[in-house]
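A.B. asks: Have a look at this prediction, sequence included:
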Amino acid sequence: MALLVKKFGGSSVATPEKIFHLVDRVLAEKHEGDQIVIVVSAMGDTTDDLVTLAGRVSRHMPKREMDMLLATGEQVSIALLAAAFQERGQKAVSLTGPQAGIRTNDHHTKAGIVEVKADRVLAELEKGNIVVVAGFQGLDDEGDVTTLGRGGSDTTAVAVAAGTHADMCEIYTDVDGVYTADPRIVPGARKLQEITFGEMLELARLGAGVMQPRAVEYGEHAGVDIHVRSTFHEVEGTIIRREYTLQGEKEYVVRGVTSDVNVAKIAVRGVDDKPGVAFRIFDALAKVNVDVDMIVQSGSAVPNKNDMVFTCQKADMADAVAVLETLKAEMGFTRIDLEANVAKVSVVGAGMLGSPGIAAGMFGALASKQINLIVVSTSEISISCLIPRDQVEEAVNAVHDYFFPRTDK
Ligand code: ADP
Ligand code: ASP
Ligand code: MG
């Protein structure tokens, strides 16, 4: 007997047929006495469609109302899924995020989970129900519905697994696990059997959409191992855990190559070359919740002036520019330039710290395809290059081929 949390993404519940496929698989694999919580996303492209719909009503949709709208997607899938279990004769109950005790801060559209009050979920399990929880949503202290940022159902699943002290947290999706690169971009990518929280977090942060970064962080802090696996094939996936247990898995210095096209480059031109300037700019950005990634400060053609270049998510670009505009007059910078036609390509691996030549290898692979590097940044376990958007697929393939040479060529 075990308490299992299983999360199914939007593609796994895209149609009634897929919902029944999922239900039948869960029931076939369920052992006598198992308690099961299902966390589910909105059907198919529902969330994208709702975002588009919002844009047709308001170019600056208030974030509170955006959350009210987006949370409806998951409410549809929980009701259908619970009903489908009942069709098969299995007791089941649907719960929204708020009903399931998911408490968040008030950062609408990217709220963070602060607590899971699991009593209701546990009580429903005790009654013999499969509990179907809406991913991606919670409740703030005002009593308002919040959402957790795109891909947030992953985080709901890990948080519910932690809150219920589940024996296992499984993330079912449309690929067989975590690969050395997005298998849709790199056909030769190989599935990893294991990956550490630290490396997975870096991969996710740098664009590997298979897991929401916050879910990985939550798993690490709460000590919840995560099994990423396929909804459609019954094969073992990838375990995300604290340490490697398989010798073969830790031999690769680079664990993955990833890319992010949802980035924008912002250049603040002609800022004063004096102490405190960077603080004022980035403090103002932080206060409106803009996550800044690569930062480069360089001298300007004008004496005693600098250019401050940074990247952020495209979705944050409008907030970033609005806040910079308010600083422009008082700080006296000349221009704010935007470039959205960029992408970031990254390699990740904890082993690269003690392995010289990783950066050179990556730059060489990009150079071999005549790809220009706009900005480069590094962390202890990753190297990222900002490149022209239209070369991103070629770049990821070239870098992947270099670090994971194909044996069939
Ligand atoms: P879900 O709807 O199940 O949450 P997502 O679309 O959020 O599914 O995540 C799964 C997708 O993540 C895959 O279809 C794949 O294209 C993408 N992906 C990106 N990087 C990787 C990677 N390194 N390994 C596996 N999948 C990846
Ligand atoms: N439905 C939400 C999204 O599309 C949450 C999720 O799928 O995890 O981002
Ligand atoms: Mg997802």
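C.D. replies: All right, it came through fine. Ligands and ions are numbered 1, 2, ... in the order given.
A.B. asks: Next up, the contacts around residue 16.
C.D. replies: Residues near residue 16 by Cβ atoms under 8 Å, 6 or more residues apart in numbering: 80, 84. From N, CA and C alone the C-beta is placed, and that goes for glycine too.
A.B. asks: Next one: it, what pLDDT does it get?
C.D. replies: The model reports residue 16 with a pLDDT of 98.
A.B. asks: backbone phi and psi for it, please?
C.D. replies: phi -60, psi -40 (degrees, to the nearest 10).
A.B. asks: Give me the nearest residue to the residue of the stretch 101-250 of the chain found nearest ligand 2, chain neighbours excluded.
C.D. replies: Going by Cβ to the nearest ligand atom, ligand 2 is nearest to residue 153 of the stretch 101-250 of the chain, at 3.3 Å. Leaving aside its chain neighbours, residue 153 sits nearest to residue 135 (2.5 Å; criterion: Cβ to Cβ, 6 or more residues apart in numbering).
A.B. asks: Hmm, the one you found is touching residue 47, no?
C.D. replies: No - judged on Cβ atoms under 8 Å, residue 135 makes no contact with residue 47 at a distance of 10.5 Å.
A.B. asks: overlap in contacts of these two?
C.D. replies: Shared contacts of residue 135 and residue 47, defined by Cβ under 8 Å, 6+ apart, are found at residue 41.
A.B. asks: Mind checking which of these two has more residues around it?
C.D. replies: Between residue 135 and residue 47, residue 135 has the larger neighbour count (other Cβ atoms under 10 Å), namely 31 against 24.
A.B. asks: Next up, phi/psi of the more buried one, please.
C.D. replies: phi -70, psi 170.
A.B. asks: got the contact list for it?
C.D. replies: For residue 135, the contacting residues are 7, 39, 40, 41, 74, 97, 152, 153, 154, 156, 157, by Cβ under 8 Å, 6+ apart.
A.B. asks: I'd like to know which elements the helix or strand encompassing residue 297 is packed against.
C.D. replies: If you go by DSSP states H and E, residue 297 is part of strand 292-299. Counting contacts by 3 or more Cβ pairs under 8 Å, 6 or more residues apart in numbering; DSSP states H and E, strand 292-299 packs against helix 277-287, strand 305-313, strand 375-379, strand 382-388.
A.B. asks: Burial-wise, tell me which of those comes out on top.
C.D. replies: Highest mean neighbour count among those (mean count of other Cβ atoms under 10 Å): strand 382-388, with a mean of 23.
A.B. asks: Tell me where the model's unsure across the protein.
C.D. replies: Counting by pLDDT under 70, the low-confidence segments of the chain come to 408-409.
A.B. asks: Can you pull the residues of the stretch 51-200 of the chain lying near ligand 1?
C.D. replies: Listed as neighbours of ligand 1 in the stretch 51-200 of the chain under the rule Cβ under 6 Å from any ligand atom: 151, 173, 174, 175, 178, 179, 181, 182, 183, 184.
A.B. asks: Could you count how many residues lie near the first one?
C.D. replies: Meaning residue 151. Counted with other Cβ under 10 Å, the neighbours of residue 151 add up to 21.
A.B. asks: In contact with it, which residues?
C.D. replies: Going by Cβ under 8 Å, 6+ apart, the list of residues near residue 151 reads 209, 211, 212, 215.
A.B. asks: name the element it belongs to?
C.D. replies: Here residue 151 is covered by no helix or strand, with elements defined by DSSP H and E.
A.B. asks: How about the residues of the stretch 251-400 of the chain by ligand 1?
C.D. replies: Applying Cβ under 6 Å from any ligand atom, we find that the stretch 251-400 of the chain lies next to ligand 1 at residue 256.
A.B. asks: Phi and psi next, for whichever residue of the stretch 251-400 of the chain sits closest to ligand 1.
C.D. replies: Proximity of the stretch 251-400 of the chain to ligand 1 (Cβ to the nearest ligand atom) peaks at residue 256, 5.5 Å away. Main-chain torsions, residue 256, degrees, to the nearest 10: phi -170, psi 160.
A.B. asks: so it makes contact with residue 349?
C.D. replies: Yes - counting by Cβ under 8 Å, residue 349 is a contact partner of residue 256 at 7.4 Å.
A.B. asks: buried residues in the helix or strand where residue 121 lies?
C.D. replies: Per DSSP H and E, residue 121 falls inside helix 119-126. The neighbour-count criterion (16 or more other Cβ atoms under 10 Å) identifies 121, 122, 124, 125 as the buried residues of helix 119-126.
A.B. asks: Surely the first one and residue 164 touch.
C.D. replies: Which is residue 121. Yes - using Cβ under 8 Å, residue 121 makes contact with residue 164 at a distance of 6.0 Å.
A.B. asks: Touching both of those two, which residues are there?
C.D. replies: Shared contacts of residue 121 and residue 164 (Cβ under 8 Å, 6+ apart): residue 37.
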